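*Asks:* sequence first, then the predicted structure:
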Amino acid sequence: MALALAAAVLAALGYAAGSILQAVGVRGGSGAAALTRSPLYLTGLGVDGLAWLLSLVALRRLPTFAVQSLLAGSLALTVVLARVFLGSRLRPRDTAAVLALVAALGVVGGAGTEQPSPTVATALQVVLLVTGALLLLAVLVLRRYGSATFAVLAGLGYSVAALGARAVTLPDAWSQAWRVLAEPVAWAVVVAGIAGTLGYAAALEKGPVGPATALLWSVEVVVPAVAGFALLGDVVRPGWWVPTVAALVVVVGCSVVLAGSPAIPEET
């Protein structure tokens, strides 16, 4: 459990660091071509990718509600890092939200015991794959809708990807790694992950980063938590149900507050 917990915390730190690197990298640049020549911006994208891989490691041993909540903590880390490295202003409610979020994540971390990845029926794997494909289709087709719609679609895409990453069966030997390609749920991770990435990009293109990020993380915390309990057999430590539900509510609320912070960098 210690390794999975460390992976989730490092993933949250990675997402925060990636946001700061990209924010610094876009300064002084204009357009996509300029961004591709910015070492800091490209490094930020790479750090985001590494953070995503770390989150997959965490999902192998921890329930989805715990991992997704810890990842939402990247907002608090982004605010703190922006204050240190970018000189961003912190509102009093931002400071309060950071402290409350840290406390809530402590509760969530304590409630999530180590749980091996579940074995799910092929039918459920197919459902996750079809859901991911439908979300990707929606992102590609619904171009007239606003930022909020795409933020929700992105959150749902990343949620399906997280559920799929938890449910996929990994072989014991590297020589059998090809067997993963035969699992519908493995493809669900890829398809839903693409839907999430494109959906979030569209949300940022159509509106400000704060509200889009708040919606994204709210969906990413709530949907995988409910689906993990209902579909994957995730469990909470005995006697921790009430504190866990309360902590999840605090995580979502603090995410909304911090997403509107002036310390959250605007990415292009």
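*Replies:* Cool, the structure landed. Since this is a predicted model, take the numbers as computed values, not measurements.
*Asks:* OK, contacts around the closest residue to Ala103 other than its chain neighbours?
*Replies:* Nearest non-adjacent residue to Ala103, counting by Cβ to Cβ, 6 or more residues apart in numbering: Val250, 7.7 Å away. All C-beta atoms are positioned from the backbone trio N, CA, C, and that covers glycine. By Cβ atoms under 8 Å, 6 or more residues apart in numbering, Val250 lies in contact with Ala100, Leu101, Ala103, Ala104.
*Asks:* OK, contacts around the last one?
*Replies:* I take that to be Ala104. Counting by Cβ under 8 Å, 6+ apart, the residues that Ala104 touches are Ser69, Ala246, Ala247, Leu248, Val250, Val251, Cys254.
*Asks:* looking at those residues, which one is closest to Val209?
*Replies:* Nearest to Val209, judged by Cβ to Cβ, of the contacts of Ala104 is Cys254 at 16.8 Å.
*Asks:* just to revisit the earlier point, derive a PyMOL selection command for the buried subset of the contacts of Val250.
*Replies:* PyMOL command restricting the contacts of Val250 to the buried ones, with burial defined by 16 or more other Cβ atoms under 10 Å:
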select buried, resi 100+101+104
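*Asks:* in helices, which of the contacts of Val250 appear?
*Replies:* Judged by DSSP state H, helices contain the following of the contacts of Val250: Ala100, Leu101, Ala103, Ala104.
*Asks:* helix or strand for Val120, which one?
*Replies:* Counting by DSSP states H and E, there is no helix or strand that carries Val120.
*Asks:* quick one: residues contacting the closest residue to it other than its chain neighbours.
*Replies:* Sequence neighbours aside, Ala167 is the residue nearest to Val120 in space, at 4.6 Å (criterion: Cβ to Cβ, 6+ apart). Going by Cβ under 8 Å, 6+ apart, Ala167 touches Ser117, Pro118, Val120, Leu124, Gln125, Leu128, Val185, Leu232.
*Asks:* can I get the residues you listed in JSON lines including secondary structure?
*Replies:* Formatted as JSON lines, these follow (DSSP: H, G, I helix; E, B strand; the rest coil):
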{"residue": "Ser117", "secondary structure": "coil"}
{"residue": "Pro118", "secondary structure": "coil"}
{"residue": "Val120", "secondary structure": "coil"}
{"residue": "Leu124", "secondary structure": "helix"}
{"residue": "Gln125", "secondary structure": "helix"}
{"residue": "Leu128", "secondary structure": "helix"}
{"residue": "Val185", "secondary structure": "helix"}
{"residue": "Leu232", "secondary structure": "coil"}
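*Asks:* drop anything exposed from those residues.
*Replies:* Using 16+ other Cβ under 10 Å, the buried members of the contacts of Ala167 are Ser117, Val120, Leu124, Gln125, Leu128, Val185, Leu232.
*Asks:* shouldn't the fourth one be in contact with Val180?
*Replies:* No: assessed by Cβ atoms under 8 Å, Gln125 is found out of contact with Val180, at 11.8 Å.
*Asks:* returning to that earlier point: mark which of the contacts of Ala104 are buried, thanks.
*Replies:* Neighbour-count burial within those applies to Ser69, Ala247, Leu248, Val250, Val251, Cys254; the criterion is 16+ other Cβ under 10 Å.
*Asks:* please identify the helix or strand for the fourth one.
*Replies:* When secondary structure is defined by DSSP H and E, Val250 falls within helix 241-259.
*Asks:* now that helix - C-alpha only, CSV.
*Replies:* Taking Å, rounded to 0.1, in the frame of the first residue of the first chain, the C-alpha atoms of helix 241-259 are listed here in CSV:
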residue,chain,number,x,y,z
TRP,A,241,-18.0,5.4,5.7
VAL,A,242,-19.3,8.7,7.2
PRO,A,243,-15.8,10.4,7.4
THR,A,244,-15.1,9.2,3.8
VAL,A,245,-18.2,10.6,2.3
ALA,A,246,-17.7,13.9,4.2
ALA,A,247,-14.1,14.1,3.0
LEU,A,248,-15.1,13.5,-0.6
VAL,A,249,-17.6,16.4,-0.3
VAL,A,250,-14.8,18.6,1.1
VAL,A,251,-12.5,17.5,-1.8
VAL,A,252,-15.0,18.6,-4.4
GLY,A,253,-15.8,21.8,-2.6
CYS,A,254,-12.2,22.8,-2.2
SER,A,255,-11.5,21.9,-5.8
VAL,A,256,-14.1,24.4,-6.9
VAL,A,257,-12.6,27.1,-4.7
LEU,A,258,-9.1,26.5,-5.8
ALA,A,259,-10.0,26.2,-9.5
